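Peer 1: need coordinates for the following:
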Amino acid sequence: MDLQIRKTAAGLALGLTMVLGAPAGADDWDVGPDSDGGLGTDNALFHGAEQVHDLGAIETGPTTVIQDQDWYLTSVHPFSSYSFVVDGFTGDLDLTSADVLRTDVNGNFLESALISDAGGVLSLNWLRESGGSATETNFVRITGASCGFGCGTADTYRARFYDTTYTIPRFNNSGTQTTVLLIQNATDRTCGVAPLLLSPSGTFIASMSPGAVAPNRLLVLATATAAPNQAGSVRIVHTCGYGGLSGKAVALEPATGFAFDTPMTPRPR
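Peer 2: So this is what the prediction gives:
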C-alpha cells in the first residue's frame, strides 16, 4: 500500500511539472510565447503600473545562452510627463545608468537613467510639451546586469511607471482678474518644469517654461504675460519625478483685494 501511495504521489508531481512548465520564480515575460526581449514587446505600461522582473540568462538552445533584455512599451501623449523608476535590486544586478535606456519607436537612443539613493534607484523622467492629437511610442530597455551570463531568476528588480503631469482646472486673466502660478521644485536635484496654458476647449495657448529649476526653488509666474485677456486651464509637465513638485494658482482680484487659490493636483496613484 505504501508503495502504491508513493507511486501515486510521484505521478501527481510529474503531472504538475508538465502542466506548470517553467520553474517557480521565472520571469513570466520571458517564458511566455511572446516575450519582452525586443521592440515587439506587448508589455505596455500604464500609470501606476508596478512589475517585478529578473535578468536571468536565457537558454535558447542546447549550448546557447543569451543575456536577458527587458523591453517596455510606453505611449507618450501631448502635454504630459512621465517617470519610469527601477529599484528593489536583488542578487548581483548592479545596474548602471547606461543599462536603463529610453528609445524611440525604432529603438534609437533618447536618454539614459539618472542614478540616485546610493545607486539603489534609477529613473527616467521625460516630458512632451508639443500638442497635436498624435500619440508617440517610446520604449524602455533594461539589460547589462553585472552578473552577465551568471544571472539567474533570483536576480530581480522592481519597475514602476507614472504619469507625472499636474493639472490646475482654471486660470483667469479676463476682466479685472489675473492669475499667478506658485510652483516649487520639491526635490534635491535640478529638473525641468514647463507650465502649459490651454484654452477652455483644451487647445494650446502658450508655454511658460523657465527651463532648469534648481532644488527647492520657488517659481512665481504671471500667466497674464503669456496669455493676456484669456482664461482656461493649466497642465504642468516636468522631469522632477512623481510628487516632485508642489504649488497652486492664485487668482487675484485687485478691485476687492480677494485672492482665490486653486491647488496643483497630480494624477492619483
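Peer 1: outline the domain layout of this protein.
Peer 2: With domains defined by automatic domain parsing, the chain comprises 23-163, 166-266.
Peer 1: CSV for those domains, including mean pLDDT and mean neighbour count?
Peer 2: In this view, the C-beta of every residue, glycine as well, is placed from N, C-alpha and C. Converted to CSV, the domains of the chain look like this (pLDDT from 0 to 100; neighbours: other C-beta atoms under 10 Å):
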stretch, mean pLDDT, mean neighbour count
domain 23-163, 91, 16
domain 166-266, 95, 17
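Peer 1: quick one: contacts for the closest residue to residue 46 other than its chain neighbours?
Peer 2: Nearest residue to residue 46, sequence neighbours excluded (C-beta to C-beta, 6 or more residues apart in numbering): residue 161, at 7.1 Å. Each residue near residue 161 by C-beta atoms under 8 Å, 6 or more residues apart in numbering is listed here: 45, 46, 47, 48, 49, 50, 72, 74, 82, 83, 84, 85.
Peer 1: quick check, the second one in a strand?
Peer 2: No - with DSSP: H, G, I helix; E, B strand; the rest coil as the criterion, residue 46 is coil rather than part of a strand.
Peer 1: setting aside sequence neighbours, what's the nearest residue to residue 228?
Peer 2: residue 173 (5.9 Å).
Peer 1: who's in contact with that neighbour?
Peer 2: Residue 173 neighbours (C-beta under 8 Å, 6+ apart): 179, 223, 224, 227, 228, 229, 230, 231.
Peer 1: biggest separation within these, which pair?
Peer 2: Based on C-beta to C-beta, the longest span within these runs between 179 and 229 and measures 12.1 Å.
Peer 1: for the stretch 51-200 of the chain, which segments are assigned as strands?
Peer 2: Assigned by DSSP state E, counting those that start in this stretch, the stretch 51-200 of the chain shows strands spanning 58-61, 64-66, 70-76, 80-87, 100-103, 109-112, 114-116, 121-128, 136-142, 156-163, 166-172, 178-185, 191-198.
Peer 1: any residues touching the fifth one, and which ones?
Peer 2: With C-beta under 8 Å, 6+ apart as the test, strand 100-103 has contacts from 84, 86, 109-113, 122, 124, 126, 138-142.
Peer 1: likewise for the second one?
Peer 2: The set of residues that contact strand 64-66 without belonging to it, under C-beta under 8 Å, 6+ apart, is 57, 58, 59, 60, 149.
Peer 1: closest to residue 203 among the residues you listed?
Peer 2: Taking C-beta to C-beta as the measure, residue 203 sits nearest to residue 58 out of the contacts of strand 64-66, at 48.0 Å.
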